[in-house]
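Asks: Dropping a prediction and its sequence here:
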Amino acid sequence: MTSITNKRVSYDIGCMKSLRRLPDRVALKFMDMMTRYMSDPTANGLNLETVEGSKDSSIKSLRVDQGYRAIAFEVGHDIMFVHVNEHDKAYRWAAGRRVKLDPETNRIRVIEELDAVVEAVAGPALSNLRLFEAVVDERLRGLGVPEEELPAVRQISTIEALESAEERFDPLTYQILYAVAAGYKDDEITTLTGIGGDTEAEPQAPAGELTFGQMIETEQSRQSIFIPDSEAELRRVFEEGLEGWRIFLHPDQRKIAYRDYNGPVLVRGGAGTGKTVVAMHRAKHLADQIEKDPSRAGQRVLLTTFTTSLAHDIEANLRTLCPGHLDARPPRIEVINLDRWVSQFLKRKSFAREVAFFGEARDRLDQVWREVFDDHELPDGLSEPFVRAEWAQIVQAKGLTDQRAYVKTSRAGRGTPLDRKKRASLWDIFADYRARLISEGLAEPDDAYREATEILTAEAPNLPYAAVIVDEAQDMGEQAFRLIRAIMPEAPSGDHNSLFIVGDAHQRIYGRRASMFACGVNVRGRSKRLRLNYRTTQEIRAWAVSVLEGVSVDDLDEGTDTLRGYVSLMHGVAPELVGCRSEAEELDGLVAWVRALPEDQIRFFDIGVLCARRVDAERVQGALRAAGIATVLLQSGADDRTVPGVRITTMHRAKGLEFFAVAIPFLSDTAFPPSGALRAAVDSADREDIVMQYRSLLHVAATRAKKALRVSWSGKPTSLVRT
């Protein structure tokens, strides 16, 4: 028997998975036992017993209660728990397994040396076929499948058999096999699994020379092994379960989040690749450094995003990931959307004008425009909506303050050409509008951003920020990035870990563009890309990408971006595309779909219904409630998953959320994009831009779904949907 005193305890992802299949009382008992020994390893004596007949002398068992046992590996001062099950099943599971230090993949792997075969899931006609029959051993070994597991691989007959045998394989082996079965190329598989070399990684001892204690700390091992730092962290992980990102980052994600940089960094990637997750881990990493250095007391990391709801969601998730950093006084991580940060900053600086971020103040802007148009004659061929769009997209977005600058500036993407005379006439209108705003004590958001930037540049106030992290960068405009650069100016000694920016222009749903380089943020040579969609099945991902087919997208700087190489390793059912005769029939079908979802696999709070308009969300809520189905209409604030009910919200609000199953109704050709949005287009270029925003919005909505997606319409479907 062995005492846990002075032992480091860790948990393989397989341990977490096995706990989810056990009765709650057993899982709670195991969790209580682990947290108790985390705080006092000598309490009651945690005794590990040798498993008789096992092929590895380091494998041990621990009694959870009369009927259940936990399996662990004890190597040196490390104890790694790998499985929990009923007594006999746990011992059978342990009998053929051993720990392997794998220098080829730089990981600790739990390998089963099978004497028996994996049972095939196939009908009589397929009994002689094997899923990997055409794949030679050399290829599988080269991809990272251990020699010991090849006999079991050769017995698998179908993809269903592979899925049912997941528990029998090392997690990396299972991921490799699934990718091979899905038809991915070898270079894609090595990228997805994190086996490929990293030219930017810090040098370390050769993998073959690493001990168990060293290899358990490698980036690759930490993808599937959790080493808690405290009792609170351990309990939090057990309670939150296996949603994955909170602890088990993919190696590519971990490399990006947990390293030092000598300048601003840009991280791009498709929906579901974990950009926001990486941003949160980055905040944790930098806050950890602040906490460990007494000389940095009072410093903090600013994590900002575009909307208030996203900021609430991120803060709620950070309270799960690293609550101590948010609860510290002062907090080591500050989460706030950029509009609110500007509003609070200018209030402290006694800014005399009211910023029209929302509400009544924005209505007053419309009145000012009305007065300006009453007093000015528009140039031939131009409309009032065009003039307002020119002001917002050119003058305000680029921060133009005089006629000379406006006449010289590029209007690329605006469509309708303007000669010098028309620009001069328009500037008279813009100057009058600006003067009236000042007279009324009003300011537009871009005015507020510029004012804050000018104050920061002139005063160099002593802000507490050690770094700024920007989420959803694709929705930030030029004034936002100029402000961010002013909040975190480049230091004379270098831009060490200063700015960390994540975004994806394929998900731009607010129509704002910016060149970071033009705003003083140079990410050249420090641009990273995430390609693995960890959230969505391949079938849903492929449909969501088809919505954007043929569209050119920028890379958030001065180049173009692509979704080439953006893949998912998970497979599932194809999206359900449903045409209906009427919207009433569409709502009836939606109710039936919700009721048909398997209750033993999915709870109401993990079902999302996403609509283009708030009024449509309210109609859906009425239909579900009339059918006796509990609902929650998401507006601002974080989504409290302790409140039961199907989540109903707008596609815009759904940004940053994810659900097991998603329904997107009302996608008829007359409803999506909404006719009001299209009528607001000032010319063909503006119309194309609006349609592109709704393509991105539909893409974002579809990629909120993990396993099931239902898309519906009445009459003729929108041209944005592939049926």
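Replies: Noted; the coordinates are in hand.
Asks: Helices of the stretch 401-550 of the chain, residue ranges please.
Replies: 403-408, 420-440, 445-459, 478-487, 538-546 (DSSP state H, counting those that start in this stretch).
Asks: what about the second one, average pLDDT?
Replies: With pLDDT averaged residue by residue, helix 420-440 scores 93.
Asks: contact partners of that helix?
Replies: If you take C-beta atoms under 8 Å, 6 or more residues apart in numbering as the criterion, helix 420-440 is touched by 353, 364-365, 368-369, 371-373, 375-376, 378-379, 382, 387, 390-391, 395, 403, 406-407, 418, 443-444, 447. Using the backbone N, CA and C atoms, a C-beta is placed for each residue, glycine as well.
Asks: Are any of those buried, and if so which?
Replies: For the contacts of helix 420-440, a burial check counting by 16 or more other C-beta atoms under 10 Å picks out 353, 364-365, 368-369, 372-373, 379, 382, 387, 390-391, 395, 406, 418, 443-444, 447.
Asks: Counting neighbours, what do you get for the closest residue to residue 230 other than its chain neighbours?
Replies: Distances taken as C-beta to C-beta, 6 or more residues apart in numbering put residue 38 closest to residue 230, at 7.4 Å, once the chain neighbours are dropped. Counted by other C-beta atoms under 10 Å, the residues lying close to residue 38 total 18.
Asks: Over to residue 22?
Replies: Per other C-beta under 10 Å, the neighbour tally for residue 22 reads 17.
Asks: hey, which of the helices of the stretch 401-550 of the chain is tucked in deepest?
Replies: Per residue and on average, the most neighbours among these fall to helix 478-487, with a mean of 23 (mean count of other C-beta atoms under 10 Å).
Asks: Dump that one to CSV, restricted to CA.
Replies: Taking C-alpha atoms only, helix 478-487 is exported to CSV below (Å, rounded to 0.1, in the frame of the first residue of the first chain):
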residue,chain,number,x,y,z
GLU,A,478,-10.5,52.0,-37.0
GLN,A,479,-11.2,54.4,-34.1
ALA,A,480,-11.5,51.4,-31.8
PHE,A,481,-8.1,50.1,-32.8
ARG,A,482,-6.5,53.6,-32.5
LEU,A,483,-8.0,53.7,-29.0
ILE,A,484,-6.7,50.3,-28.1
ARG,A,485,-3.2,51.3,-29.3
ALA,A,486,-3.5,54.4,-27.1
ILE,A,487,-4.6,52.4,-24.0
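Asks: The helices of the stretch 401-550 of the chain into TSV, with extra columns for distance to residue 93?
Replies: Below are those laid out as TSV (distance: least, C-beta to C-beta, whole Å):
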stretch	distance to residue 93
helix 403-408	71
helix 420-440	71
helix 445-459	59
helix 478-487	52
helix 538-546	30
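Asks: list the buried ones in stretch 49-61?
Replies: Going by neighbour count (16+ other C-beta under 10 Å), the buried part of stretch 49-61 is 51, 54, 56, 58-61.
Asks: Report the separation between residue 61 and residue 373.
Replies: Residue 61 sits 80 Å away from residue 373 when distances are taken as C-beta to C-beta, to the nearest Å.
Asks: how close does the residue minimising distance to the centre of the chain sit to residue 494?
Replies: The centre of the chain sits closest to residue 274, judged by C-alpha atoms, centre = their mean, with a distance of 3.6 Å. Residue 274 sits 28 Å away from residue 494, going by C-beta to C-beta.
Asks: Ok, residue 294 next?
Replies: To residue 494, residue 294 is 23 Å away according to C-beta to C-beta.
Asks: Between those two, which is the more surrounded one?
Replies: residue 494 (10 against 7).
Asks: Residues contacting the lowest-mean-pLDDT helix or strand in the chain from elsewhere in the structure, which ones?
Replies: When each helix and strand of the chain is scored by mean pLDDT, DSSP states H and E, helix 231-240 comes last, with a mean of 71. Outside helix 231-240, the residues within contact range by C-beta under 8 Å, 6+ apart are 11, 16, 19, 27, 31, 34-35, 38-39, 226, 228, 246-247, 320, 323.
Asks: of those, closest to residue 631?
Replies: residue 320 (24.7 Å; C-beta to C-beta).
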